[in-house]
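Q: Sharing a model that was predicted from the sequence below.
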Amino acid sequence: MAKPAKDIEKEVIQILAEKLDLDVEKIKPESKLMEDLGMDSFMSVEFTFELKEKFDIDISPEEFSNVKKVEDVTKKIASKETK
């Protein structure tokens, strides 16, 4: 059964906070991964692998290249979990 989007969002934010060494409170659904949070291309590849492992989904770095905001990550994971 797929997780609720809010649960996915919380987990995504927690992963981002750990990877980027940021406070969870500073990461919002509308936060832009690169511009607001400082993620670079190397970090995005690591983040993609972390998401694959955490949510047991198949997502490629190419698919992830279209993802700009935290909320986009949540939507992408939710769509993968329902398939």
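A: Everything's here; your move. Keep in mind it's a predicted model, so treat the numbers as computed, not measured.
Q: Low-confidence regions, the chain specifically.
A: 1-2, 82-83 (pLDDT under 70).
Q: what about the nearest residue to residue 52 once chain neighbours are set aside, which helix or strand?
A: Closest residue to residue 52 apart from its sequence neighbours, by Cβ to Cβ, 6 or more residues apart in numbering: residue 59 at 5.8 Å. Every residue, glycine included, has its C-beta placed from N, CA and C. Secondary structure from DSSP states H and E places residue 59 outside every helix and strand.
Q: Provide a list of residues in contact with residue 59.
A: 48, 51, 52, 76, 77, 80 (Cβ atoms under 8 Å, 6 or more residues apart in numbering).
Q: Generate TSV for those, with distance to residue 42 as supplementary columns.
A: Listed next are these as TSV, based on distance: Cβ to Cβ, whole Å:
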residue	distance to residue 42
48	11
51	15
52	16
76	20
77	21
80	23
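Q: now those residues as a markdown table including secondary structure?
A: Below are the contacts of residue 59 laid out as a markdown table (DSSP: H, G, I helix; E, B strand; the rest coil):
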| residue | secondary structure |
| --- | --- |
| 48 | helix |
| 51 | helix |
| 52 | helix |
| 76 | helix |
| 77 | helix |
| 80 | helix |
